[in-house]
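**Student:** Let me see the structure of the following:
(one chain, ligands or ions: 2)
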Amino acid sequence: MKDAAPQPVFLSDYTPFGYLVEDVHLTFRLDPQATRVISRIRFRPNPDTTDRGFFLHGEQLRLVTARIDGATITPRITERGLTCDVPDAPFTFQAEVEIAPAANTALEGLYLSNGMYCTQCEAEGFRKITFYPDRPDVMSVFTVRIEGSEPVKLSNGNPTAQGDGWAEWHDPWPKPAYLFALVAGDLVAHADRFTTASGRDVALNIWVRPDDQGKCAFGMEALKRAMLWDEKAYGREYDLDIFNIVAVDDFNMGAMENKGLNIFNSSCVLASPDTSTDANYERIEAIIAHEYFHNWTGNRITCRDWFQLCLKEGLTVFRDAQFTSDIRSAPVKRISDVIALRARQFREDNGPLAHPVRPSSFVEINNFYTATVYEKGAELVGMLKTLVGDDAYAAALDTYFDRHDGQAVTIEDWLKVFEDVTGRDLSQFKRWYTDAGTPRLRVSDAWQDGTYTLTFRQMTPPTPGQPDKAPRVIPIAVGLLNPNGDEVLPTTLLEMTEAEQSFAFPGLATKPVPSILRGFSAPVILERATDNSERAFLLAHDTDPFNKWEAGRALGRDMLMRMALTGGDADAAYLDALRAVLRDDSLDPAFRALALRPPAQDDIAQALHDAGHTPDPQAIYQAADRLGQQMAGHMADLLQGLYQAMAVPGPYSPDAEAAGKRDLQGLVLSLLTRRDGGQTARAQFAAADNMTQQLTALSCLMARQLGQQESQAFHDQWRHDRLVMDKWFALTVAHARPEDAAAGAAELAAHPDFNIRNPNRFRAVFGALAGHAAGFHHASGQGYATLADWLIRLDPINPQTTARMCAAFETWRRYDSARQAHARAALQRILATDTLSRDTTEMVSRILD
Ligand code: ARG
Ligand code: ZN
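**Tutor:** Ligands and ions are numbered 1, 2, ... in the order given. Just a heads-up that it's a prediction; the model follows:
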């Protein structure tokens, strides 16, 4: 229901709850239409506050009875919760409520997915299950009894007893309600065991529908790798006798770290060679690790309030990235992460949805599970580690776990640990958490009498509600190369603290070539007037793999910008540089693939906008196509040979080395398909024994409008497999011609297998439309109008997913006035919808502001 004007919550208004929860007993009598939830909660006054207001959150609950210390009461109930008079002493609150899981299409609270009961409580979903102080700083021990005919019934912690039609669970670790979980259904387990460093024997299970039992082995191996890694890298052991993972088909996000019972979007855990790509495997491994790592960074130490979300998410993303770097290729992981950071977080930080890593107000917290909180939040942890050094970082983390175990804490607590361990003052660093916007770092240099000087100026543009920004501390990793390619200064950390600052490097024989911001040591936009010969030099000689890639990236970006503006061709020097990378067998194939893949069209639009132009999505689309054509021509003689050389013999394995070869082979195939009429791609499609190569071949054909038959064959082959069909839906939209993308998406929404209630399917179609830059931003306005139509339909069903997808519009002000008028009309049409959700109302209002 739409409130007249959704009221924001402010960080500065935080006060502790007046009561502590001693323990909670919950009984669930499961029924699709009328589940009964019977609660018994023991409260006592909180000695840390004198505030004795008693309020329990509760939404969409039908109260059957409520009692205090056994006596029936009649509480005052509003849309948001319940109040009543309570004793000024410990007391027991009991309630029985009724909820309807089958009617819960929002997928928040207790709902049904394919006949299976499951829950999603983060951030504020527990209040849709029963009346409770649903805030992360209220932690308690839960005992849960589940009654129902489902063969498998799971909750947090350890199983304590079970009988015919019931099961009981007890979680000994105090936790906030957002970590509560319940699952019940007809499930089978892929089971294994893990012994922790101190000898605890842990039962591991991945629970899936019977059909999916063959897709669990990889996830299980990933889980064991993650458990071992957290012991070795952070000294963190698992703390229960059982760890359960459940795969759910209908899920708003990727996965959820509920204590001892992680719940996953099935797309983020199920894997098999036939149905999953290399990218799927890597993502599954990372998400399994991420949720597992939350057991310490999130569950044992949680957030005081939702403004502190980055405390657990930024740190846990950083930890899962370390894990991936350790077990795969660190440079490839870093480069891939920066590509994603720029595409999602920089885009967010430079538009109307910009917000600090730690926001200071929100209307709907679900709208703040963003790239800024997660990915920029992780960058801040990385910068801290760079600034204090590896040893101090390790010591700080040990102190953090010792000092705050069992607590709900803040960013101030986190930073205080680093200050105490290192003696550093981190007040300037804290601006990274409180100030939105991506800093611009302008670089100039000078050369005199054997001294090379680098001068940096930092400037952060205004963001909503934050017109002026003070300078931040920026760790800038720098190396210097001689003109002959030798490194004369290995990577050195410069610590910039002023608005403008110079660093001198004396005693050099010749003017060096600088390699700046190595490893992407800070999430900033580097602005340096440089020529392409310097970039080509760094692409050939830089010893830092990130900056080697970055040099090629900058060349490609500038080339595409120029091609889009002038309608001209790529210059030969650039194509030569790419050719040299492609044929350099000393380079990791995965790295070569990253270096050869030009920036995304949306990145080019942003870059053109930043340079003061109005981007034309159609011109960018055509420039990208011309560049592909010219690359294919310039490297024609290498393609067949490389295609063969990158073939991976033997049965499919998703390991990083094999995946890297397939990635480069796929890139080569996309070029080859421009020259051989699709012959090689058709052969690969027909022969493929794994999804990576099948899908790559199909994609290469569809990109050239050559894949009609193969698309149909793929559809018919995989019609029974939801996750593969999501790929088919997405690919079909992604490869539509710009003028056809919107109509194509709408047409797919009429396909018998389209299901608006399934977020994966909705995102496959309409996420692909939003990601089709030239199609979504088509001059006709059809992209905007079509997405708006479908967001309006989805909102009453699933506000959370609707609101997240509104971000597709966040770049609308980059474009010309005709496009802006179309976008504004679409946004206003969404906003004018009757009973629009709070979630979507907040997002659209911010985008229009
Ligand atoms: N904590 C989860 C994770 O990052 C995300 C769950 C967010 N869900 C939501 N509905 N906001 O692993
Ligand atoms: Zn997380």
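**Student:** Which phi and psi values does residue 46 adopt?
**Tutor:** phi -80, psi 120 (degrees, to the nearest 10).
**Student:** same check, this time on the one 3 residues further on
**Tutor:** As for residue 49, its main-chain torsions (degrees, to the nearest 10) stand at phi -150, psi 160.
**Student:** tally of neighbours for it?
**Tutor:** As a burial measure, residue 49 scores 13 neighbours (other C-beta atoms under 10 Å). Every residue, glycine included, has its C-beta placed from N, CA and C.
**Student:** Name the nearest residue to it, sequence neighbours excluded.
**Tutor:** Closest residue to residue 49 in three dimensions, ignoring its sequence neighbours and counting by C-beta to C-beta, 6 or more residues apart in numbering: residue 16, at 4.8 Å.
**Student:** Same check on residue 579?
**Tutor:** Spatially, and ignoring its direct neighbours in sequence, residue 579 is nearest to residue 635 (5.4 Å; C-beta to C-beta, 6+ apart).
**Student:** ok, now residue 636?
**Tutor:** Nearest residue to residue 636, sequence neighbours excluded (C-beta to C-beta, 6+ apart): residue 675, at 6.0 Å.
**Student:** Quick check: next helix or strand after the helix or strand harbouring residue 681?
**Tutor:** If you go by DSSP states H and E, residue 681 is part of helix 679-687. Per DSSP H and E, the first helix or strand lying C-terminal to helix 679-687 is helix 691-703.
**Student:** Which elements pack onto that following helix?
**Tutor:** Applying 3 or more C-beta pairs under 8 Å, 6 or more residues apart in numbering; DSSP states H and E, one finds that helix 691-703 contacts helix 278-293, helix 656-673, helix 679-687, helix 708-718, helix 722-734.
**Student:** and the helix or strand following the first one with ligand 2, contact?
**Tutor:** Next helix or strand after helix 278-293 toward the C-terminus (DSSP H and E): strand 302-303. No: where contact is defined by C-beta under 5 Å from the ion, no part of strand 302-303 touches ligand 2; the two come within 11.3 Å at best.
**Student:** Just want the angle from the helix or strand just after strand 302-303 to helix 278-293.
**Tutor:** Later in the chain than strand 302-303, the nearest helix or strand by DSSP H and E is helix 309-327. For helix 309-327 against helix 278-293, the angle by axes from the mean of the first three to the mean of the last three C-alpha atoms, to 10 degrees is 130 degrees.
**Student:** per-residue confidence averaged over the helix or strand following helix 309-327?
**Tutor:** Sequence-wise, the next helix or strand downstream of helix 309-327 (DSSP H and E) is helix 330-340. Per-residue pLDDT over helix 330-340 has a mean of 98.
**Student:** Begin at 26, not 1, for the rest of this chat.
**Tutor:** OK, 26 is where the count begins now, so the last one is helix 355-365.
**Student:** CA atoms only: put helix 355-365 into CSV for me.
**Tutor:** What follows is helix 355-365, C-alpha atoms only, in CSV (Å, rounded to 0.1, in the frame of the first residue of the first chain):
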residue,chain,number,x,y,z
ALA,A,355,44.3,-12.5,-8.7
PRO,A,356,44.9,-10.1,-11.6
VAL,A,357,41.9,-11.5,-13.5
LYS,A,358,39.7,-11.2,-10.5
ARG,A,359,40.8,-7.7,-9.8
ILE,A,360,40.3,-6.6,-13.4
SER,A,361,36.8,-8.2,-13.6
ASP,A,362,35.8,-6.6,-10.3
VAL,A,363,36.9,-3.2,-11.5
ILE,A,364,35.0,-3.6,-14.8
ALA,A,365,31.9,-4.4,-12.7
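**Student:** now what about whichever helix or strand comes after it, what contacts it?
**Tutor:** Counting by DSSP H and E, the element after helix 355-365 in chain order, helix or strand, is helix 372-374. Helix 372-374 is contacted by residues 379, 395-397, 401, 461-463, 488, 627, 631, 832, 835-836 when judged by C-beta atoms under 8 Å, 6 or more residues apart in numbering.
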